[in-house]
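Participant: I need the structure of the sequence given here:
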Amino acid sequence: WGQPFYASVSHLVNMVQRGPWGLWSGGTNLSQLAIRDSVSGIAPLQSGGTVVEKGFQTFTIDSLPAGSRYTVTYTALIKGHKSVVLDLPAFLTFSNASLNDVSMFGPVVANLTLRLNSTDKIYPNHGVHFAGFVCGFFLSLLLLSLGFLAINLICARARKNSLQQRKKRGDSDPEYAVCNMSETVKEEAAFEDKMVDIMVLEEPQNMYQALENLEMSSLLQATSSLESSRVQMYKDVIAALLASLRSQNHMSQQAEQRLLSVLHGQLMGMEGKLKEEHVARMATLAAQCNLETREQMEAEHRREAQEKAQAEVLFRHADQQELLQVSVLLEKLHKLNQSQLQRSLLVKHEEASARVQRQIVEWRRVELHKIFSEELEEATRMGELEKNVARSLLHDYFTCQNQLEEVLDVVLANQRCMLGERHAQRRFLVHSLYSLKGLISETFSKTSSQMENCFKEHGRGSDVSEEQREQQLDKVQKELVLVKQRLDEALNRERRAMHCGLVKKRRELISDMLQGHKQRQRELSALSRGGLEGERAEVDPAQHLLCWQSLLTTQCQELGELINNLDEEAAADIRKVTMRLIHSSMAEVKVIQAASQALLALGPPQQPDAGATAGAGTSALSQAQERLHLEGKGAVRILQASRDSLRQGMMREQRAQLEMRARARAFFRSLCSSQLTLSDEDLLRMMLEFQKCLSRMDHCLVVPHALSRSKLQTALTSWRKEVLEEQTEPSQPRGKSTEDRQRAGPSELLLFRKKMEGRIQLFEKEKEMENTIMEKVLEEMQGEREVELQSQVDGLAVQMAALHYQKAERRTRVLETSRALLTVQSLITEELRASRSLASAPIAQSIQNHYLGLEEAEHQLQREHAELESLETGPSKPPEHKLPKHSDASANEDEGEEEDGRLFRIERDSRMAAILHEALYKCDQVTSLQMERLQEANARSQAMEDLKEQLELKRLYSNCDQDLEFAARLVRQSQISTEVLLEALRLLLPTLPESELLSLIDALCPKQPTLLGSTEQQNPRFQEKRQSLLERLFMNPRPEAPRDIMPVLVQEKGREGATLLTPQQLQLQDSVLISVGGASVNSETVGAVMVDIPTTGERVFVFRSPPDPLSTQGTTDCKRKKRNFLNLKKGSVAPMDRP
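Facilitator: Residues are numbered from 1 along each chain as shown. Got it, this is the predicted structure:
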């Protein structure tokens, strides 16, 4: 092994076959024969193969006739020097060229295995081994110490990192986040633990407020889940539409996969931006809310301190009993004020948070439509899609999006109804648990009062002293208090013990159901993308959306029923434990009653039976249970009425959403049909805006609920302030001195106390006013929603007006620029005439080329106009890229005849009643068919009118292009500086932005001018540069007019004559001519003369520059004229801003 090892490899393809008697037998001719030889582990030295793929070399031959051989031989160097086994297979592929159709065969595999046996001898070096051991030992100690430090840091940040990862991960697509599905399900299941926390751990007086907060959180979570389903349905619709295009051979599989991957990447990037934006907004909102809460609470504390100080001054000379009562009233009032303030701030912050989430949701929906439209345009530019196919795809996409919005309206209404029923049932359960607390308090209070009454009745004729009876009664009451305390402690202990079991059971059941739901959604989503290439089936997007609707509705009902059942079971378990502990406490109460009975038995026999006290606790418990049972029946009736109301509201909401969307679509159709001109591109643009509007018309879950709570609290606060103002106005104290205030009389003390009591009663009356005020709030919100929807619909009309305004602005801009270029041509022509260089050969050639260019453009436009008119009036079908897909005339006629035959066909053997019934049934079909035909005809007419406008605009662009080219030649011939030309254009185009003026200057004065005008016209780089500058000047590129049919233009007479001005219309001595199209211009220069031009109808203002005192008399006329034109800025009509 001291020297390299070489191997010689040969491949033989033998096409020689012998018959049974040694004769040559017939064979098959092979073509496109290729040998793909593996060379991994070896290095070919003398080989005729080509390396196309790493690790393989390829030998090819065009044909191999029957009865011949093909041999390949090369030498290779073995790279390795160890005992290895090298597998070097060779693959042979060929095609059969003897048949009419060429078919590929293969590959045929020829295996080659090389075994290398190493005979190297190893001589160990013990010094190196020892040095390696020492280095490894110290290195391991260092790594071990660093490992301990790293473990401490990692453990401290593990929970924080996992929480951040969960937040960043969020709800992802089931198709691309299968591994995160279980974690998402666990988080959703853990969210439902809050209800168990409320029932088990929350204090009874805080249960209702905690339940309201839980409802808001549930709405937020349901909204997030529904938005995830919306995005998934959006992806499924796009995948189904693209799969349909691929099945119709309008798109290749590679283009489909590329477009889907790009869309997925765009969506992922959008979600990342949305999360960052949401986190930033929520952080800002939290800081604002904290600051507002702090300021409001500090102001409340100052007001409370002021009231306490006022009370101390008033009650300084009052007795202790009155002071104590007022202190209790003030404390209660302050608690109510703080509670009301905290609730108001909470609902206000919830409203702000809901609006932030709604803005993020709406932004996501708008971006989804925008991303698809942009990527479709990109695919069209790349040539992956034809233009008419892309337009058809967009029309289908918008149709599917309308269906998606209707599906989500149904799902949203069901979700709202389910959440409403869940909240109503939870209120019922919380009320039942709160009643148990009342049952305990009522039972013990009645038992205590009954024991006290018994002791009082027994003491009237008993020999026991009053002091002994009081001591015994205090002892019994203390024992009752101890029993109640032990009962509360036992309840808390039992409930905490139940908490883990309830949570574990709920999580398991909810997780299993959610896991199944996610799996079914994933399977349904996979149907839109199909399986393998041979197993893919076309999916109808409309039917697929209906499947999503059925699936989401069913899953919503299943999950709602499961959670309701779990809530009922948890409440039932808590009630059982509570009643068991209550009965055990009643047993202890009976023991106390028995002890008191023994004491009462010591009295005289004529006293009433003291054993009546034995049933005091039992009778109190039975009475409380009976009352609780009656209240439960009433609560059940209220719960059932709430469920019925919610279901009716769900049906009303679905009908209202359908009617609202139908009205919006009718408005959009009438808006589009009322336009005189509307191209298919503009129609698609308006449909995109309309789809954005439709996506914001849903009746969301969070914002109405948060807004109603906020408005309710605001209305209650306003009502309470109004009532307080009405009460304080008649009782305002007159002006008094400080001593009189300090010596407050009994009437003022009583008035202050009544004022406190009245303010407390207002809080109690609020509960009675909530229903009435809530109805007004809902009516107000309904009106605000209608106004908001109307404003959204009106925005479509604004978009349409903006569309037409842009077209008018482009036309006006090109007309103004053409007029300015004509003026520049006139000025330069007069300068050249004054310098006697107008008759030179280059200028004459430029004028001739300009005239020929205008004439050629006019002839071309006339031909295109005639061809467009023939398409409009003739029966032939227009090209697909000219008119929208709805304008296929011949296909529409054939389909119309078939539809008419189907609709108006009658059965001759039928009765007259059956015929009339069928006619009435088909009346709606005929009406809808006629409406569709009318809309198609209107769309064709609008498209034709738009083409005419494009032809007219193209004519203006062509003339402006010719004027720009001719003016550029004149500028080069006259050698005018760029600064002076810029000043002149500022005067001629005062409304044009500075950047566009600079672009026009670049087109007129190129940095590298050519010598001859003909050379300029033939220079493609110069033409491209001038074209780009012209497009930049007019803001938008030229309208895409058909190449085979150019835009029609209104012919303007005297086009060439208007280029130059006659000598009679010019005054050349010390003057500057500026044509302003009839507009009056003021000037500070000396000697402004207005000249009317009869041929054009314009006014030419002649501004004479004052004579230069420094100019010499020997200056020639040519130089004097040129100098005056270059000093045009001295005759400016308005102040100009320097660039």
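
Participant: show me what contacts the most centrally placed residue in the chain?
Facilitator: For the chain, residue 364 is the residue whose C-alpha lies nearest the centre (C-alpha atoms, centre = their mean; 0.6 Å). Residue 364 makes contacts with 227, 231, 270, 274, as judged by C-beta atoms under 8 Å, 6 or more residues apart in numbering. Using the backbone N, CA and C atoms, a C-beta is placed for each residue, glycine as well.

Participant: those residues, buried ones only, as a PyMOL selection?
Facilitator: Of the contacts of residue 364, the buried ones go into a single PyMOL selection, burial set by 16 or more other C-beta atoms under 10 Å:
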select buried, resi 227+231+270+274
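
Participant: need the contacts of residue 364 in JSON lines with secondary structure, distance to residue 650 and pLDDT, can you?
Facilitator: Formatted as JSON lines, those follow (DSSP: H, G, I helix; E, B strand; the rest coil; distance: C-beta to C-beta, whole Å; pLDDT from 0 to 100):
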{"residue": "227", "secondary structure": "helix", "distance to residue 650": "20", "pLDDT": "92"}
{"residue": "231", "secondary structure": "helix", "distance to residue 650": "24", "pLDDT": "92"}
{"residue": "270", "secondary structure": "helix", "distance to residue 650": "32", "pLDDT": "91"}
{"residue": "274", "secondary structure": "helix", "distance to residue 650": "30", "pLDDT": "91"}
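
Participant: which residue sits closest to residue 585, ignoring its sequence neighbours?
Facilitator: In space, and not counting its chain neighbours, residue 585 is closest to residue 487: 4.4 Å by C-beta to C-beta, 6 or more residues apart in numbering.

Participant: correct me if wrong: that neighbour contacts residue 440.
Facilitator: Yes: contact criterion C-beta atoms under 8 Å: residue 487 and residue 440 qualify, at 6.7 Å.

Participant: how about the strands in the protein?
Facilitator: 6-14, 30-38, 42-46, 50-53, 56-64, 69-78, 85-87, 90-96, 103-110, 113-115, 1071-1075, 1088-1092, 1099-1104 (DSSP state E).

Participant: residue 434: which of these is closest?
Facilitator: Across the strands of the chain, residue 434 has its closest neighbour in strand 50-53 (76.4 Å, C-beta to C-beta).

Participant: would you mind checking the average pLDDT for the closest one?
Facilitator: Averaging pLDDT along strand 50-53 gives 72.

Participant: still on that earlier bit, overlap in contacts, residue 487 and residue 440.
Facilitator: In terms of C-beta under 8 Å, 6+ apart, residue 487 and residue 440 are both contacted by the residues residue 582.

Participant: OK, contacts around residue 557?
Facilitator: 414, 418.

Participant: what's the weakest-modelled helix or strand in this protein?
Facilitator: Of all helical and strand segments in the chain, the minimum by mean pLDDT, DSSP states H and E falls on strand 1071-1075, at a mean of 34.

Participant: so residue 515 makes contact with residue 182?
Facilitator: Yes: the pair residue 515 / residue 182 is scored as a contact, 7.1 Å apart, by C-beta under 8 Å.

Participant: give me the below-cutoff pLDDT ranges for the stretch 651-800 of the chain.
Facilitator: 729-746 (pLDDT under 70).

Participant: how many neighbours does residue 372 have?
Facilitator: 23 (other C-beta atoms under 10 Å).

Participant: let me redo that: residue 759
Facilitator: 18.

Participant: surely it and residue 724 touch.
Facilitator: Yes: the criterion here is C-beta under 8 Å, and residue 759 meets it with residue 724 at 6.9 Å.

Participant: surely residue 947 meets residue 868?
Facilitator: Yes: between residue 947 and residue 868 there is a contact under C-beta under 8 Å: 6.3 Å.

Participant: and those two? Which one has more around it.
Facilitator: Between residue 947 and residue 868, counted using other C-beta under 10 Å, residue 947 has the larger neighbour count: 26 against 23.

Participant: what about stretch 648-664, distance to the chain center?
Facilitator: With C-alpha atoms, centre = their mean, to the nearest Å as the basis, stretch 648-664 stands 23 Å off its chain's centre.

Participant: and for that stretch, what are the contacting residues?
Facilitator: Residues contacting stretch 648-664 (C-beta under 8 Å, 6+ apart): 402, 405-406, 409-410, 413-414, 416-417, 420, 690, 693-694, 697-699, 789, 793.

Participant: buried residues, it. List them.
Facilitator: Within stretch 648-664, the residues that count as buried by 16+ other C-beta under 10 Å are 650, 653, 654, 657, 660, 661, 664.

Participant: cool, and stretch 224-240?
Facilitator: Using 16+ other C-beta under 10 Å as the test for burial, stretch 224-240 gives 225-240.

Participant: need the contact list for residue 713.
Facilitator: For residue 713, the contact set (C-beta under 8 Å, 6+ apart) comprises 340, 343, 344, 347, 348.

Participant: residue contacts, the second one?
Facilitator: Under the criterion of C-beta under 8 Å, 6+ apart, the neighbours of residue 343 are 209, 713.

Participant: could you report the separation of it from residue 206?
Facilitator: Applying C-beta to C-beta, to the nearest Å, the value for residue 343 to residue 206 is 12 Å.

Participant: same question, residue 57
Facilitator: For residue 57, the distance to residue 206 (C-beta to C-beta) stands at 80 Å.
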